[in-house]
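Student: Quick one, what's the 3D model for this:
(chains A and B)
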Amino acid sequence: MTEEPLKRWLCLGCGFSYDEALGLPEHGLAAGTRWKDVPEDWVCPDCGTPKYLFEMVEIGYAAGGPDLARAA
Amino acid sequence: MTTPAAALAVSAASSKVNSFVLRAGERGHDIIRSDGSRASYVAGHPDGFITRESSFNFHDYQSGRPGFGPVRVFGDETFHGAGCGYNMHPHHNFVICAFVLEGELTHINTAGAGMVDQLRQGDYYVFSAGSGGKHSELSISQEDMNAIYLWILPGQLYLPPSYHRAHFDFRKRRDRIEQLVGDADGALPMPQDLRVSRLVTDGGKKFTYTPRTTSHGTYIFVISGAVKINDTLLERRDSMAVWGVDKVDLFTEAYATDLLIVEAAMIDDAHIKEWEKEQGAHHR
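Tutor: Got it, this is the predicted structure:
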């Protein structure tokens, strides 16, 4: 079985990111939670933008980025 | 609306020439009141409101072209009434640029070292939200404030936040395409493969904009005046994009023509291509 690479999604309302690899443990989404498994009624914790207004992005992290994303 | 590639009298080094024209009235239109959650001791007045004309991503992102290269928002916004604006709200990652055309803009942000700035006609800023912070955009005086706002996806996520600002003096920098944001001498830095230029000139002149490569697209927005590109006449607040060409000839048609030119790498636009495909399917 080939695993789909883990992806990153960006909120078009404010730039908040959801990284499948990191999840959002504080919001009940364990690391490794796929975007499709994030509840449909989930909204951006920063600005309330609904899930369907996030965009999948292929943008790498700046140095230290994953730690900053965890703390965001 | 797409101009057929065959009709374009452009110098095409690449076999695939793309373009679209967006008339002023075809942009998304929103009225945003400065009350409720947008109001606070720092921003907001029951009578204040913002009018926003969006080239991309408009109507709750549900219709309209989703973007241009890494640009997701190109908003022509007017703040009406004293105390009108957006209250403090969080941002990450997006690079936000404002070009003030009229009035006075107060910008407050808490990213990195933080910044309180006041910008007037000709002033512009590049605010890279990076690892995050809040910002507020305000018009304090009675005079209307008109600015062009761009939101750009960064080259990397969670960069250290930065804020840079400068002034474009249209009396001194007339009759030439002046790079305001990008990699040119004196331009404000941009953490993305993107340039913003401005041309203030008169009618009856020809200028040539040369993108870095044919895979860089050029988006031309008419702040005022008129310009003809590939036999398409663009007037106040009309815009046009061309990509897959090695140069774009601009023929100015009116006294006091003022153009904003955005050049961007047309990469990572799977989302935009998907939208174009859907639009194409609808038009068949």
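Student: now B:V242: how far from chain A?
Tutor: 24 Å (CB to the nearest CB, to the nearest Å). No exception for glycine: its C-beta is placed from N, CA and C like everyone else's.
Student: Isn't that residue up against B:H216?
Tutor: No. Applying CB atoms under 8 Å, one finds B:V242 not in contact with B:H216, separated by 10.4 Å.
Student: Could you check which of these two is surrounded by more residues?
Tutor: B:V242 (25 against 21; other CB atoms under 10 Å in any protein chain shown).
Student: so what's the more buried one up against?
Tutor: B:L8, B:V10, B:V17, B:N18, B:S19, B:G217, B:T218, B:I220, B:I229, B:N230, B:V248 (CB atoms under 8 Å, 6 or more residues apart in numbering or on different chains).
Student: ditto for B:P66
Tutor: B:P66 neighbours (CB under 8 Å, 6+ apart): B:F56, B:N57, B:R72, B:H271, B:I272, B:W275.
Student: tell me the secondary structure for it?
Tutor: When classified by DSSP: H, G, I helix; E, B strand; the rest coil, B:P66 comes out as coil.
Student: buried stuff in stretch B:16-27?
Tutor: B:V17, B:N18, B:S19, B:F20, B:V21, B:L22, B:A24, B:R27 (16 or more other CB atoms under 10 Å in any protein chain shown).
Student: now the fifth one, nearest residue through space, not along the chain?
Tutor: Translated: B:V21. B:M240 (4.8 Å; CB to CB, 6 or more residues apart in numbering or on different chains).
Student: before we move on, which element is the one you found in?
Tutor: strand B:239-243 (DSSP states H and E).
Student: What's the first helix or strand after that strand?
Tutor: strand B:248-252.
Student: and that next one with strand B:239-243, angle?
Tutor: Interaxial angle, strand B:248-252 versus strand B:239-243 (axes from the mean of the first three to the mean of the last three CA atoms, to 10 degrees): 150 degrees.
Student: ok, and what's touching strand B:248-252?
Tutor: Contacts for strand B:248-252 (CB under 8 Å, 6+ apart): B:10, B:199, B:201-211, B:218, B:220, B:225-230, B:242, B:259.
Student: Would you list the buried entries among those residues?
Tutor: By 16+ other CB under 10 Å, these give B:10, B:199, B:201, B:207, B:209, B:211, B:218, B:220, B:225-227, B:229-230, B:242, B:259 as buried.
Student: Nearest to chain A among those?
Tutor: B:P211 (21.9 Å; CB to the nearest CB).
Student: For chain A, which residues are neighbours of chain B?
Tutor: Within chain A, the residues that sit near chain B (CB under 8 Å from any CB of the partner chain) are A:8, A:10, A:12, A:14-17, A:46-47, A:53, A:55-62, A:64-66, A:68-69, A:72.
Student: Buried subset of the residues you listed, written for PyMOL?
Tutor: This is the PyMOL syntax for the buried subset of the residues of chain A next to chain B, where burial follows 16+ other CB under 10 Å:
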select buried, chain A and resi 8+10+12+14+15+16+17+46+47+55+57+59+61+62+65+68+69+72
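Student: and the strand holding B:M240, what's its mean pLDDT?
Tutor: Taken as a whole, strand B:239-243 has a mean pLDDT of 96.
Student: Pairing partners for that strand, with directions?
Tutor: Strand partners for strand B:239-243, identified by DSSP bridges, are recorded as strand B:18-22 (antiparallel), strand B:216-224 (antiparallel).
Student: Going by distance to B:G112, which of the contacts of B:P66 wins?
Tutor: Comparing the contacts of B:P66 against B:G112 with CB to CB places B:R72 closest, at 22.0 Å.
Student: now stretch B:264-276: mean pLDDT?
Tutor: The model assigns stretch B:264-276 a mean pLDDT of 75.
Student: Which ones among the contacts of strand B:248-252 map onto helices?
Tutor: Judged by DSSP state H, these include no members of helices.
Student: Quick check: of the contacts of B:V242, which lies closest to B:V100?
Tutor: Closest to B:V100, out of all of the contacts of B:V242 and judged by CB to CB, is B:I220, at 19.8 Å.
Student: correct me, but the closest one touches B:D238?
Tutor: No. Using CB under 8 Å, B:I220 makes no contact with B:D238, being 9.0 Å away.
Student: Quick check: residues of the stretch 51-200 of chain B near chain A?
Tutor: Near chain A, when you scan the stretch 51-200 of chain B using CB under 8 Å from any CB, you find B:57, B:60-61, B:72, B:89-94, B:129-132, B:153-160.
Student: Give me the buried entries from those.
Tutor: B:57, B:61, B:72, B:89-94, B:129-132, B:153-155, B:157-159.
Student: ok, now how distant is the residue in the stretch 151-284 of chain B that chain A sits nearest to from A:L22?
Tutor: Using CB to the nearest CB, the closest approach of the stretch 151-284 of chain B to chain A is made by B:Y158 at 3.6 Å. Taking CB to CB, to the nearest Å as the measure, B:Y158 and A:L22 are separated by 11 Å.
Student: quick one: common contacting residues for these two?
Tutor: In contact with both B:Y158 and A:L22: A:P66, A:A69, using CB under 8 Å, 6+ apart.
Student: where in the stretch 1-150 of chain B is pLDDT low?
Tutor: B:1-15, B:37-44, B:58-63 (pLDDT under 70).
Student: wait, chain A
Tutor: A:1-2.
Student: for chain A, what spans make up the strands?
Tutor: With strands called from DSSP state E, chain A shows them at A:8-11, A:17-19, A:54-57, A:60-61.
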